[in-house]
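Asks: The following block contains a protein sequence and its predicted model.
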Amino acid sequence: MHPKEEKTVVIIKPDGVKRGLIGEIIGRFEKRGLKIISLEMIWANKKQIDGHYPKDKKWISRLGEKTLNNYQQYGIAPIKELGTDDVYKIGKYVRGWLIDFMTSGPIVKMVIGGIHAIDMVRKIVGKSLPSQAEMGTVRGDFSVDDATAANRDKRAVHNIVHASENVHEAEHEIGMWFATEDIFDYKRAEEDIMF
């Protein structure tokens, strides 16, 4: 596969949809030279979102580790806040809150294609925790949420957008959310000039 044919999934989460950021987010990808090759708004159900997020212990534990790192940074005792300091248990809480959040309103799902689309999209959206995302990224510009605040409220971090982290995740998400006939290949006018 040529690098310009790489594909990734982006989902504008309910907070991004409700705040009217759909056009702004899409515009950032298009201005970078990436192509929107599939796009749809849906209201996902719990089964769909449960299938979207990995269920393996390593991934879930990583969610817990992110929370513990955040707690350590801000001097918060996880046992006092969550009743445990076990990364897997905390990760399971966070995964459950993600499912609740992602089914709380409509989402916009899209496939984006282009040179190193996965890495490019991740740069554009910024770090998962908006409080740590650089200004100029989607999360850095439009959210100030943090794991500490979210966990205190027993909810997911409101970070505007989901973006596939790697090729394996992108392939899983494309297969789960999109039919082959709903992904379109076309040439943008400036492709011959840009690459």
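Replies: Arrived safely.
Asks: the bottom helix or strand of the chain by mean pLDDT?
Replies: Here the helix or strand of the chain ranked lowest by mean pLDDT, DSSP states H and E is helix 191-194, holding a mean of 76.
Asks: And Ala133, how close does it get to Lys127?
Replies: Separation of Ala133 from Lys127 (C-beta to C-beta, to the nearest Å): 4 Å. Glycine gets a C-beta too; all of them are placed from N, C-alpha and C.
Asks: Which of these two has more residues huddled nearby?
Replies: In this view Ala133 and Lys127 are compared by other C-beta atoms under 10 Å, and Ala133 has more residues nearby, 21 against 14.
Asks: what's the distance between the more buried one and Ala44?
Replies: Counting by C-beta to C-beta, the gap from Ala133 to Ala44 is 24 Å.
Asks: any common contacting residues for Ala133 and Lys127?
Replies: Arg139, Gly140 (C-beta atoms under 8 Å, 6 or more residues apart in numbering).
Asks: For the protein, just list every one of the strands.
Replies: 7-12, 35-42, 107-113, 161-163 (DSSP state E).
Asks: between these, which one is nearest to Glu169?
Replies: strand 7-12 (8.0 Å; C-beta to C-beta).
Asks: can you pull the alpha-carbon coordinates of that closest one into PDB?
Replies: The C-alpha trace of strand 7-12 is given here as PDB (Å, rounded to 0.1, in the frame of the first residue of the first chain):
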ATOM      1  CA  LYS A   7      -6.900   5.100   6.200                       C
ATOM      2  CA  THR A   8      -8.000   5.900   9.700                       C
ATOM      3  CA  VAL A   9     -11.200   6.400  11.700                       C
ATOM      4  CA  VAL A  10     -12.200   9.600  13.400                       C
ATOM      5  CA  ILE A  11     -15.400   9.900  15.500                       C
ATOM      6  CA  ILE A  12     -16.600  13.300  16.600                       C
END
